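1. Below is the structure, and that's it, no one-letter string:
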Ligand code: 13P
């Protein structure tokens, strides 16, 4: 079976302004292109407003871009919301939904996240759905049940509506985000394997990625862990040099394995 490209998703959160995003594109889009290979896919997720820059200046790019959220609704009187169709029109191939920062700060529910996934699927955007347990849940051995409770409403909704979609599931334990700590290989493998079992039961086409303190020091350990097909990178993706090193470290590991 052909190995799928390893997926690098840069989540810029609200760290770069419109102008800073424009500068990044101007300075680094050629180099980003050069990092893309048949084994490496790169997706940049800037703020909503910066997406138009990518649409304008990166039309023939080999890398992709995506948003960090979308509305649960198709259209209508929803002040401040951004619809999936507009994201598609802005060239988004992927969109992150259900990030723990949104679940926590905006009380997003699993049901709302399932509706967001449906909106994206209808417009042909691949949802990157974030799930993960808190430190307390991790310490009390609840990882598997928390992941199932976050994933099941999504899988039920998607299969009930018979919407054909590919999903990217990002396992992001909350205790690993911004902490410099990553799960050990056996925890990561067990968590991904529990997610895989659920997705397989619902016959979904998917990719499993990991997020939380991915950087130049942790990438090799993470990308060599069984079942990891990509990474979601926060702070280390803001600096092009760091992002490039992370991608290159993965590529040299990949080449050694061949
Ligand atoms: P860090 O890579 O900064 O830990 O952030 C992870 C994250 O939240 C990506 O979505």
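-> It's in. Owing to the predicted nature of the structure, the values given are computational and were not obtained by experimental measurement.

2. is the residue in the stretch 1-150 of the chain that the ligand sits nearest to in a bridge, and if so with what?
-> Closest approach between the stretch 1-150 of the chain and the ligand, counting by CB to the nearest ligand atom: residue 11, at 3.7 Å. The way it works is simple: take the backbone N, C-alpha and C, and place the C-beta from them, glycine included. According to DSSP bridges, the residues that bridge with residue 11 are residue 45.

3. What parts of the stretch 151-258 of the chain come near the ligand?
-> 172, 177-178, 211-214, 232-236 (CB under 6 Å from any ligand atom).

4. Tally up the residues packed near residue 159, please.
-> Around residue 159 there are 12 other residues, counting by other CB atoms under 10 Å.

5. what about it, distance to residue 169?
-> Distance check for residue 159 against residue 169: by CB to CB, to the nearest Å, it reads 15 Å.

6. likewise residue 41?
-> Plainly put, residue 41 is 16 Å away from residue 169 if you go by CB to CB.

7. Quick one: list the elements packing against whatever helix or strand residue 118 lives in.
-> Using DSSP states H and E, residue 118 sits in helix 110-123. For helix 110-123, the contact count by 3 or more CB pairs under 8 Å, 6 or more residues apart in numbering; DSSP states H and E identifies helix 84-89, strand 94-97, strand 126-131, helix 143-160 as packing neighbours.

8. tell me the mean pLDDT for that helix?
-> The pLDDT scores in helix 110-123 average 96.

9. Which of the residues in that helix are classified as buried?
-> Residues 110, 112-121, 123 are the ones in helix 110-123 that count as buried (16 or more other CB atoms under 10 Å).

10. what's the answer for stretch 160-170, then?
-> 165, 167-170.

11. so how far is it from its chain's centroid?
-> Its chain's average C-alpha position is 14 Å from that of stretch 160-170, according to CA atoms, centre = their mean, to the nearest Å.

12. Give me the contacts around that stretch.
-> Residues outside stretch 160-170 that contact it (CB atoms under 8 Å, 6 or more residues apart in numbering) are 7, 9, 94, 96, 117-118, 120-122, 126-131, 151, 154, 158, 195, 199, 204-211, 230, 232.

13. ok, back up a step: how about the helices and strands packed on helix 110-123 in TSV, adding mean pLDDT?
-> Shown next, in TSV, are the helices and strands packed on helix 110-123 (pLDDT from 0 to 100):
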stretch	mean pLDDT
helix 84-89	98
strand 94-97	98
strand 126-131	98
helix 143-160	95
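
14. Serialize those to a markdown table and add fields for distance to residue 75.
-> Below are these laid out as a markdown table (distance: least, CB to CB, whole Å):
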| stretch | distance to residue 75 |
| --- | --- |
| helix 84-89 | 7 |
| strand 94-97 | 17 |
| strand 126-131 | 19 |
| helix 143-160 | 19 |
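
15. do you know which of the ones you listed lies nearest residue 64?
-> strand 94-97 (6.4 Å; CB to CB).

16. name the helices or strands packed onto that closest one?
-> Using 3+ CB pairs under 8 Å, 6+ apart, strand 94-97 sits against strand 6-11, strand 40-45, strand 64-67, helix 110-123, strand 126-131.

17. Which of these sits closest to residue 28?
-> Nearest of the helices and strands packed on strand 94-97 (CB to CB): strand 40-45, 9.7 Å.

18. following that closest one, which helix or strand shows up next?
-> Downstream of strand 40-45, the first helix or strand assigned by DSSP H and E is helix 51-57.

19. And that next one, what's buried?
-> For helix 51-57, by 16+ other CB under 10 Å, it's 51, 53-54.

20. tell me what it is packed against?
-> When contacts are defined as 3+ CB pairs under 8 Å, 6+ apart, helix 51-57 sits against helix 18-35, strand 64-67.

21. mind putting these in a markdown table, distance to the ligand, mean neighbour count and mean pLDDT included?
-> A markdown table is the format used below for the helices and strands packed on helix 51-57 (distance: least, CB to the nearest ligand atom, whole Å; neighbours: other CB atoms under 10 Å; pLDDT from 0 to 100):
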| stretch | distance to the ligand | mean neighbour count | mean pLDDT |
| --- | --- | --- | --- |
| helix 18-35 | 17 | 15 | 97 |
| strand 64-67 | 12 | 24 | 98 |
